[in-house]
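A.B. asks: One predicted model, sequence on top.
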Amino acid sequence: MDPHDIHSMLMVSRRRFLTMAGAGAFAAHWPERARVVAQQGASSALTVEAVMARVQDALGTSAPPNSIDGLKAGRLDAVVTGVGVTPIVTMEAIRRAAASRRNLLISFEPTFYARADAASPANRASDPVFAAKRALLDQHGIAVWRLHDRWLARTPDPMIDAFADALGWRTSQDANARHRVIIAPMTLSDLVARVQQRLGARALRVVGDPALRVSRIVLSPGPSAPAVTFGNLAAADVIIAGEPREWEGVEYTQDAIGAGGNKAMIIVGRLLSENAGMKAFADWLPTVLPQVPVEWLPVNDPYWRPAGAQTFSIVAPPSQPPAAPRQTVVTARQVVDRIKGSLAALNVAWRADTVDTFKAGDPDRPITGIATTFMATFDAIKRSVAAGANFVISHEPTFYNHLDTTTQFTDDATFKAKMAFIEEHHVVVFRFHDHWHAKRPDGMRVALIRALGWPDAPGTVTLPQTTLGALSAEIGDKLKVRAMRVVGDPNARVSRVSLGLGYGNPQLNDNVDVVVTGESQEADSAWDNASYVLDATAAGQPKGLILLGHEQSEARGMDECATWLRTIVTEVPITFIRAGEPFN
């Protein structure tokens, strides 16, 4: 027996013991450890446990105390016949692994539709998709190991280098610029075509002018931490990102453009951006496990677009003409006091812990007009001022993070330009999020339901049966969505729809055919609808996910807010300013 095998099996630290335990499997097998070692002494075969130990030793990286790495399905004492490596273990990946006798799947993302990745929570015990997946794993005796934190802990970051390689580039050797790539100048439109072709992308989203000339690129695969955008976009032309949130990196890119910068963002999707990094892991693995067959199992782009949808559009939201000034003086603080009082009369108490606060400007300055908007982007603020309004009520953050903290932007050129404009034009910005949603009925839902022409029923909306493809096309036409993304079989018959708003993520289940919402995390969230749809389709239980975009799902709700405000504020004009779908 290879001495390294013996070392891998015996020298497992208590920390690794706890990490690999996952759902408790290691603890259950610990008393049998001597028997396992004795059995392996007579064979060169490796168990799942030994493979995990050897790989972790070879990586030489540590997992954080709250690591999400660990065994998610299967037995630690099972002899490994082959390994499949994939960004996410879908039912399709399980079937492919079984067909090629790979009984250990190593995944970067969760297997059971949530970050917790628990194998049998009470709320999923009767879920048919979850049950079908568990049965398929058990049928083929396949174990699943999530390896996320330890692979990411490698230096340099293997996901970034592999992402660049997949696009035909090389990252900088400068440790302070690892995310950056320099290419021959081309238009943003040509770069988008290259990314689509190289990655097999079907539903890219783009922020910026298609004719923009670009050569300096920032790469941010996976969840695309906002700090990567904030820290690198100033020295680059375009960021190619996995899954940034609309109110963080996307808004920052919009504001960089609004501040006069020639900037852009290409969003490829979380899983698609992680393919290359896990292929790099699959290529590295045989150096550690030369006697074990290793297969790379890529994931295809889970999204598609209805016919006629666009990647680009340069149509700007219409500007509002300046409203006629009125003479009575009112301040922003007085308006907010009226909002609080009116909500209290509707049994909505103002919370002590809330993001609904003033974000910029002097609340006690008299205002000339009010503009409501989905998000106070630089462009939306400029158009509010042009319309004669210096009090902007925004549903989403103004400064690229949920709490609107600004200490990290002290020297940031985009932030300083935005603040300079706010100060020059005596603009006051207030966020109205928590309490507008708390009002009953929710103004955001009322406006979206009205725009869709659906019955305003609580909970699930039942529509005449149609196909997922036809439903998504109808929604796109009614809302004029430019960058809709859909997961699921276009021919699936659907009727029962659960409607989400913004980042709201209703959970797909046996009683819901389709979730329609703004944006939701592709993987590693509280509930991963995208991978659930892939598995439901593979299990013969078709489901669908339609993502409108965060702005598209909530913009009309802030027009509804303007209508409501006119009932309590009469001293100044109130205008709705459409921030606009960012992907233009």
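C.D. replies: Good, I have the coordinates. Source: prediction; values computed, not measured.

A.B. asks: doesn't residue 336 make contact with residue 367?
C.D. replies: No. The pair formed by residue 367 and residue 336 falls short of the contact definition of CB atoms under 8 Å, at 11.0 Å. Where C-beta positions appear, they are placed from N, C-alpha and C, glycine not excepted.

A.B. asks: out of those two, which sits in the busier spot?
C.D. replies: Between residue 367 and residue 336, residue 367 has the larger neighbour count (other CB atoms under 10 Å), namely 24 against 20.

A.B. asks: State the distance from that one to residue 574.
C.D. replies: 10 Å (CB to CB, to the nearest Å).

A.B. asks: Which residues are in contact with each of these two?
C.D. replies: Here residue 367 and residue 574 share the contacting residues residue 389, scored by CB atoms under 8 Å, 6 or more residues apart in numbering.

A.B. asks: Help me confirm that residue 130 is found in a helix?
C.D. replies: Yes. Assessed with DSSP: H, G, I helix; E, B strand; the rest coil, residue 130 lies in a helix.

A.B. asks: Run a quick neighbour tally on it.
C.D. replies: Residue 130: 22 surrounding residues under other CB under 10 Å.

A.B. asks: Residue 80 now?
C.D. replies: By other CB under 10 Å, the residues close to residue 80 number 21.

A.B. asks: distance of it from residue 238?
C.D. replies: Relative to residue 238, and taking CB to CB, residue 80 is found at 42 Å.

A.B. asks: And residue 299, by the same measure?
C.D. replies: Taking CB to CB, one finds residue 299 at 24 Å from residue 238.

A.B. asks: Ok, residue 333 next?
C.D. replies: Distance of residue 333 to residue 238, given as CB to CB: 41 Å.

A.B. asks: okay, the two: which has more neighbours?
C.D. replies: Neighbours were tallied for residue 333 and for residue 238 using other CB under 10 Å; the higher tally belongs to residue 238 (25 against 16).

A.B. asks: Ramachandran angles for that one?
C.D. replies: phi -150, psi 140 (degrees, to the nearest 10).

A.B. asks: Excluding chain neighbours, what is closest to it?
C.D. replies: Take residue 238 and drop its neighbours on the chain: the residue closest to it by CB to CB, 6 or more residues apart in numbering is residue 264, 4.2 Å away.

A.B. asks: Tell me how many other residues crowd that neighbour.
C.D. replies: The burial count for residue 264: 25, using other CB under 10 Å.

A.B. asks: same check, this time on residue 406
C.D. replies: Residues near residue 406, counting by other CB under 10 Å: 16.

A.B. asks: does it really touch residue 416, like I thought?
C.D. replies: No. Checked against CB under 8 Å, the pair residue 406 and residue 416 is beyond contact range at 10.5 Å.

A.B. asks: re earlier: who are the neighbours in contact with the residue nearest to residue 238?
C.D. replies: 188, 206-209, 212, 214, 237-239, 253, 257.

A.B. asks: if we go to 6 Å?
C.D. replies: Contact analysis of residue 264 by CB atoms under 6 Å, 6 or more residues apart in numbering lists 188, 208, 212, 238.

A.B. asks: Which members of the residues you listed are classed as buried?
C.D. replies: 188, 208, 212, 238 (16 or more other CB atoms under 10 Å).

A.B. asks: mind checking pLDDT for the first one?
C.D. replies: Pointing back at residue 188 there. The per-residue pLDDT reported for residue 188 equals 98.

A.B. asks: Check the gap between it and residue 171 for me.
C.D. replies: Distance from residue 188 to residue 171, by CB to CB: 20 Å.

A.B. asks: Likewise for the second one?
C.D. replies: According to CB to CB, residue 208 stands 22 Å off from residue 171.
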